[in-house]
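In: Compute the structure for the input listed below.
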Amino acid sequence: MRPIIEFCSSNMHHGTDQLMKRLEANPDYDVIEYGCLGNCGECFLLPYALVNGEIVAGSNVEELEQRIAQKIKEIEDMLDLFE
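Out: A predicted model of the protein is given here:
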């Protein structure tokens, strides 16, 4: 199952646009940009994304990228348990 990573266009002022472009280049991910994800408090304060519907945030874009990778690994590990 390919992870779905969703970005809010209103969060791009944190620099998440560059991260989104990097992740879009990976054919193993489904990356989607929305006008609003409805998490305005989170969106205003921190760079964030949704990974398979769960909020993943970081204090900066580099930390967000690391946390997204960590979340994807957790999901993959969980799926491996069921194989």
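In: Under a three-state scheme, what state does the residue nearest to the spatial centre of the chain occupy?
Out: When CA atoms, centre = their mean is applied to the chain, the residue found nearest the centroid is Ala49 (3.6 Å). The three-state label for Ala49, taken from DSSP: H, G, I helix; E, B strand; the rest coil, comes out as strand.
In: quick one: pLDDT of it?
Out: Turning to Ala49, the model gives it a pLDDT of 97.
In: Give me the contacts around the helix or strand of the chain with the lowest mean pLDDT.
Out: The weakest-scoring helix or strand in the chain, judged by mean pLDDT, DSSP states H and E, is helix 40-45 (a mean of 88). Here helix 40-45 makes contact (CB atoms under 8 Å, 6 or more residues apart in numbering) with Cys8, Ser10, Asn11, Leu37, Tyr48, Ile55, Ala57. (Glycine included, C-beta is placed from N, CA and C.)
In: Now do the same contact list for Val61.
Out: His14, Gly15, Thr16, Gln18, Leu19, Pro47.
In: bridging residues for Ile4?
Out: Beta-bridge partners recorded for Ile4 (DSSP bridges): Asp30.
In: Just the pLDDT for it.
Out: So Ile4 comes in at 97 (pLDDT).
In: quick one, longest helix in this structure?
Out: helix 61-81 (DSSP state H).
In: Okay, buried residues for that helix please.
Out: Val61, Leu64, Glu65, Arg67, Ile68, Lys71, Ile72 (16 or more other CB atoms under 10 Å).
In: Wait, the last one touches Val51, no?
Out: Yes - taking contacts as CB atoms under 8 Å, Ile72 lies within contact range of Val51: 6.5 Å.
In: Mind listing the shared neighbours of those two?
Out: Going by CB under 8 Å, 6+ apart, residues that sit against Ile72 and also against Val51 are Pro3.
In: Quick one: low-confidence residue ranges for this protein.
Out: Scanning the chain for pLDDT under 70 picks out no residues.
In: did I read that right, Ile55 in a helix?
Out: No - using three-state DSSP, the assignment for Ile55 is strand, not a helix.
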